[in-house]
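1. Everything below, folded, please.
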Amino acid sequence: MFFSGDPSNRKRVDLGGRSSKERDRQKLLEQTRLERNRRLWLRQQNSAAIKIQKCYRGRKAVEAERSRVRDKFFLTFGQCCQDVNRQCFSPDSDFLRQLLFFFNPKYAADVSALVETCRLLQQFVQDNGDVVGLFAGADYACKRGLVEYRVKHLVYACIRVLYENRNQLKDQLCLAPEKSNTSANILLKAIILLIDQRLPWACNTISYLLRRNIYSLFREIILTGKENFQGSIGIVSSLERVLALIISHVGLEPCCCPNIDPCWSFSSQIFTFPFLWRLFPHLKEVFATPGLSQHYVHQMALCVKDHTNVLPADISSDFPGYACLLGNLLEAAGVAFTQPGSFDWAVDFATVATFLLQALPPIQAGHNDSRMGEDDMLGGDDLTEVVLNRDLEQQISSAIDPRFLLQLTNVLLGGFSPARGSPDDKEVAAVGAACAFLHVTFNILPLERIMTVLAYRTELVPVLWNFMKRCHENQKWSSLSEQSAYLPADAPGWLLPLAVFCPVYKHMLMIVDNEEFYEQEKPLSLVDIRCLIVILRQALWQILWLNPATTPNFSADGASAMKRHPVEFLQHRVCVVASELLSQLQDWNNRREFTAPSDFHADGVNDVFFSQAMTENTRANDILKQAPFLVPFTSRAKIFNSQLAALKERNSSHAIFTRNRFKIRRDHILEDAFNQLNALAEEDLRGVIRITFVNEFGVEEAGIDGGGIFKDFMENITRAAFDVQYGLFKETADHLLYPNPGSGLVHEQHLQFFHFLGTVLAKAMFEGILVDIPFATFFLSKLKQKYNYLNDLPSLDPELYRHLIFLKHYEGEISELELYFVIVNNEYGEQTEEELLPGGKNIRVTNENVITFIHLVANHRLNFQIRQQSSHFLRGFQQLIQKDWIDMFNEHEFQLLISGSVDGFDIIDLRAHTNYTGGYHQDHYVIEMFWEVVQNFSLANQRKFLKFVTGCSRGPLLGFKYLEPLFCIQRAAGSASEEALDRLPTSATCMNLLKLPPYRSKQQMEQKLLYAINADAGFDLS
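-> Numbers count the residues shown, from 1 in each chain. Presented below is the predicted three-dimensional model:
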């Protein structure tokens, strides 16, 4: 054909390798699918349009019908209902049917008609008294459905009027019904009349109201008129009476009201209103009645256990709903605790209050500066911190007062007598609820007001201990975590009881005296304490070694930590408080042993543990920091020596080039050392220091300091500085040293001297030199930055301790003794009076505050008076010895690190680690005689011998294996001539070397050795 001008008929060639038929088929299917979807969408549009039109036409028809009925109603009964009589309320009348059909609370005419209807209703009932007959006539049973329908819709209409017109009616809501005939009061009185619990339709009506979320309407009504309610103290308003009727109906027999959604319940909508009981004090009395409060609190507890958030939106940021709910619940608790059958209520209350408290930010109403709570808390993610309204914060903190804690613990735990066997479910529930509440309270509120009442005015410690002991003996810890709403089912059951028991018992031990603890065995017997040590030890080992939790980084914000990671935080708190308590019990055991020291040691310390011990951020290293007593003392001492050795090695290269040499006059050793060593930098102090002594004639003593002279220097300087005659230290009755509180009167530079002496002691420990200085335990506690308590006072002032114990147990009226909160200091004849509290000279000691007085006196003598001296001593000490290293040891062990064992040294151990040279060997007859002679020395002479050959009167803490270098005996005087045998033995302390002539008899050897070790001639003999 010829070309027609139409290009569409031209043959197309597909170079893509695909059939054009296949491509066209896919395109056709896609077009078909799109067409199908478009037709479906059009059908849906048409259907929706039909429904909308149908609904609109229906609503329009209804509105038209309502308008028609409204016009007919006003035409029949009058514009102001002036033609209404009693018969209009009967079932056969159209009056209520028409009114309820067209009624709209936004129309003023409808509202006026409803108000007049309610006024007439009250008038007719007042005249006759038969409200049932007014609505149902003679036969209520036949007309029951119709009557109930009319009544419930009439009541709901009244409430809708109050809600829709709440801004106009807010001034009328707080008035008492007897004194007002305002529109709001008329409507409220009609509601009160129609929902009276004695009426047969009451249950059905209130059920209908609850299904219509009536409490959310009341919440908005109250929120609008709250300012007016605050001025209506002593007046029971109609609105308050309506609320009281509705809340008191639920849960009472023969009520059959269904449970509504907790989001729209009284607990959620009304109970979360700030300061509810200030607005409605009568409502508080109704709520606290037996059975009623239990019903609502139990409903809240169920929501808590299901972790359901049912609270409405907060009124404002500083009035969060959970905090308002908590404040109202705590205020109502005081009344509810006094009601019969309050145990179940208390369990549910504690469960709910625990979760609400945990959600709170830290309470600022008191600063948590108690010494009981030096905590490391959780930091975590950055969150916007809620700041509570000050009045709301005060409401919460004031409610948890000593009286409240006493009531709660007595109701929950007071009914359980000491028993054997496994705890039953009731006891487990009570202990779990009480411990969860107290654990959270400890970390939210200031501790100083809580601990004292729990420790001294409740039976919390003995009851908890009895529970813990039975769970331990019967292996029933799991029952607590299975039943507790706070713990997950797989968490250890002992976490909660220990988190509460440990801090309270620790607080109790602060004021327990030695007679009570050891003789009277109060509050726990020594047998029970031994069992407690086992429980604490096993708990700590499981937390820190067997099942360590991957806890976040804990910082100062404990409330946030507890909120974000409750179980991990609980485990952390148990670790802290159990470690503190076990450390305190170890202190009691060091004062007077009631159990073997090994009872504090964990069973699983092995080679794997030691391989990790010196590596940061390992489990073993964490144990050494948090619970070092789990590891035997000798093992910790080895780790300490290894840490020192590692530090020395790091400083060895620096020390080669900065060796310091000093000339020290023996008769001015302290002044020379202070002037010369005090100027050294920290790096130089860690390095090698060499000493040359100058005798009283100004002549340098013979001998080259290879370490032995420095050892002698350390012993001499410590002996001089810590001598009580020098005035820096004083002595207890047991000849133990502590800083002189009046040292400033003796030395102008006394604080600088204490800093220097701290450095000297640290240098001695750094070099492994033992010094024979017995320190008082309470002073060593200050070096560990711990506080001392009453039981430490006997070592300082036994007489003062006896007087304080007399006061503690005094049965008469202490105020008659004319004691005040002041203490008299007497230093070098100068008496000064110091107040223990601000204004203490005007505060008399009474039976109520005597415990505080005793605590303050002990604190003043043991902590306050020596705080400056101890602080400067500690600063000097920490120049060389890190705090973490010393924290591995208690005070008794710290003293052993400083001075070694007071039991002498082991001759067999020394002999096993001795080298021989110059022809001697271990089986040589002279060596055999030598060891027999030394073995027979007195303890004093053995110490002198050790000082003679090593420069120190005490052996290494871990045995002579660690003596550097090992002790060596060298043959002196090559020939056995009489002249050679007449020589004295000599020593080279820098090499721990004894040069011993080959004496022929024991008598001669003993005589020469005793003369040499008692010569006290410096190093000239060498």
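2. wait, what's in contact with Pro340?
-> Contact analysis of Pro340 by C-beta atoms under 8 Å, 6 or more residues apart in numbering lists Pro290. Every C-beta, even on glycine, is put in place using the N, C-alpha and C of the backbone.
3. Quick check: which element contains it?
-> If you go by DSSP states H and E, Pro340 is not part of any helix or strand.
4. Low-confidence bits of the stretch 101-250 of the chain, can you list those?
-> Low-confidence segments of the stretch 101-250 of the chain (pLDDT under 70): 177-179, 229-234.
5. Tell me how far the residue nearest the centre of the chain lies from Val934.
-> Geometric centre of the chain, nearest residue: Asn443, 4.5 Å, by C-alpha atoms, centre = their mean. Look at Asn443 and Val934: by C-beta to C-beta, to the nearest Å, they are 60 Å apart.
6. Could you do Ser870 as well?
-> Here Ser870 is placed at a distance of 40 Å from Val934 (C-beta to C-beta).
7. Same question for Leu302.
-> From Leu302 to Val934 the distance is 80 Å (C-beta to C-beta).
8. Please apply the same query to Phe710.
-> 25 Å.
9. Then Asn675?
-> 40 Å.
10. same thing with Leu630?
-> As judged by C-beta to C-beta, Leu630 and Val934 stand 38 Å apart.
11. Look at those two and report which has more neighbours.
-> Applying other C-beta atoms under 10 Å to Leu630 and Val934 shows that Leu630 carries more neighbours, namely 24 against 18.
12. could you list every residue that touches Asp887?
-> Applying C-beta under 8 Å, 6+ apart to Asp887 gives the contacts 625, 628, 784.
13. do the same with Val631
-> By C-beta under 8 Å, 6+ apart, the neighbours of Val631 are 601-602, 605, 609, 623-624, 888.
14. Tell me how far it lies from Ala620.
-> For Val631 relative to Ala620 (C-beta to C-beta), the value is 8 Å.
15. hey, what's in contact with both of these two?
-> Phe609.
16. Which parts of the stretch 651-800 of the chain are helices?
-> With DSSP state H, counting those that start in this stretch applied, the stretch 651-800 of the chain shows helices at 669-677, 682-686, 708-721, 743-746, 750-766, 777-783, 798-808, listed in chain order.
17. how about the third one: buried residues?
-> Read that as helix 708-721. 708-718, 720-721 (16 or more other C-beta atoms under 10 Å).
18. Kindly report the same for the fifth one.
-> By 16+ other C-beta under 10 Å, the buried positions in helix 750-766 come out as 750-751, 753-766.
19. One more: the second one?
-> For helix 682-686, the neighbour count (16+ other C-beta under 10 Å) marks 684-686 as buried.
20. got a list of what Met510 touches?
-> Shown in contact with Met510 (C-beta under 8 Å, 6+ apart): 789-790, 855.
21. Which strands or helices does the helix or strand containing Ser47 pack on?
-> Assigned by DSSP H and E, Ser47 belongs to helix 20-77. Secondary-structure packing of helix 20-77 (3 or more C-beta pairs under 8 Å, 6 or more residues apart in numbering; DSSP states H and E): helix 95-102, helix 108-128.
22. any idea how far it is from the chain center?
-> Remark: helix 20-77 is offset 63 Å from the chain centroid, using C-alpha atoms, centre = their mean, to the nearest Å.
23. can you give me the angle that helix makes with helix 108-128?
-> If you take axes from the mean of the first three to the mean of the last three C-alpha atoms, to 10 degrees, helix 20-77 sits at 50 degrees to helix 108-128.
24. Tell me what angle helix 20-77 forms with helix 95-102.
-> Using the same axes, to 10 degrees, helix 20-77 lies at 150 degrees relative to helix 95-102.
25. so for helix 20-77, what's the average pLDDT?
-> Mean pLDDT, helix 20-77: 89.
26. Same check on stretch 837-853?
-> The model assigns stretch 837-853 a mean pLDDT of 90.
27. do stretch 339-358 as well
-> 86.
28. before we move on, what about stretch 592-612?
-> Per-residue scores along stretch 592-612 average to 87.
29. and the end-to-end length of that stretch?
-> 34 Å (C-alpha to C-alpha, to the nearest Å).
30. ditto for stretch 283-299
-> Stretch 283-299: ends 19 Å apart by C-alpha to C-alpha.
31. repeat for stretch 993-1001
-> Terminal-residue distance, stretch 993-1001 (C-alpha to C-alpha): 22 Å.
32. got it, and stretch 226-246?
-> 20 Å.
33. next one: that stretch to chain centre, how far?
-> With C-alpha atoms, centre = their mean, you get 41 Å for stretch 226-246.
34. And for the helix or strand encompassing Ile908, what's in contact with it?
-> Assigned by DSSP H and E, Ile908 belongs to helix 907-912. Residues from elsewhere that reach helix 907-912 (C-beta under 8 Å, 6+ apart): 922, 931, 934-935, 942, 955, 959-961, 967.
35. Burial check on Ala346, number of neighbours?
-> As a burial measure, Ala346 scores 25 neighbours (other C-beta under 10 Å).
36. which residues touch it?
-> The contact partners of Ala346, by C-beta under 8 Å, 6+ apart, come to 337, 408, 411-412, 430, 433.
37. Repeat that for Phe693.
-> 663-666, 700-701, 709, 712-713, 1018-1019.
38. what do you get if the cut-off is 6 Å, keeping everything else the same?
-> 664, 666, 701 (C-beta atoms under 6 Å, 6 or more residues apart in numbering).
39. Strands - which of these land there?
-> Of those, the ones assigned to strands by DSSP state E are Ile664.
40. Pipe the contacts of Phe693 into JSON lines and attach neighbour count per row.
-> As requested, the contacts of Phe693 are exported to JSON lines (neighbours: other C-beta atoms under 10 Å):
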{"residue": "Ile664", "neighbour count": "20"}
{"residue": "Arg666", "neighbour count": "16"}
{"residue": "Glu701", "neighbour count": "17"}
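41. Show me which of the contacts of Phe693 is closest to Phe894.
-> Proximity of the contacts of Phe693 to Phe894, judged by C-beta to C-beta, is greatest for Ile664, which lies at 27.8 Å.
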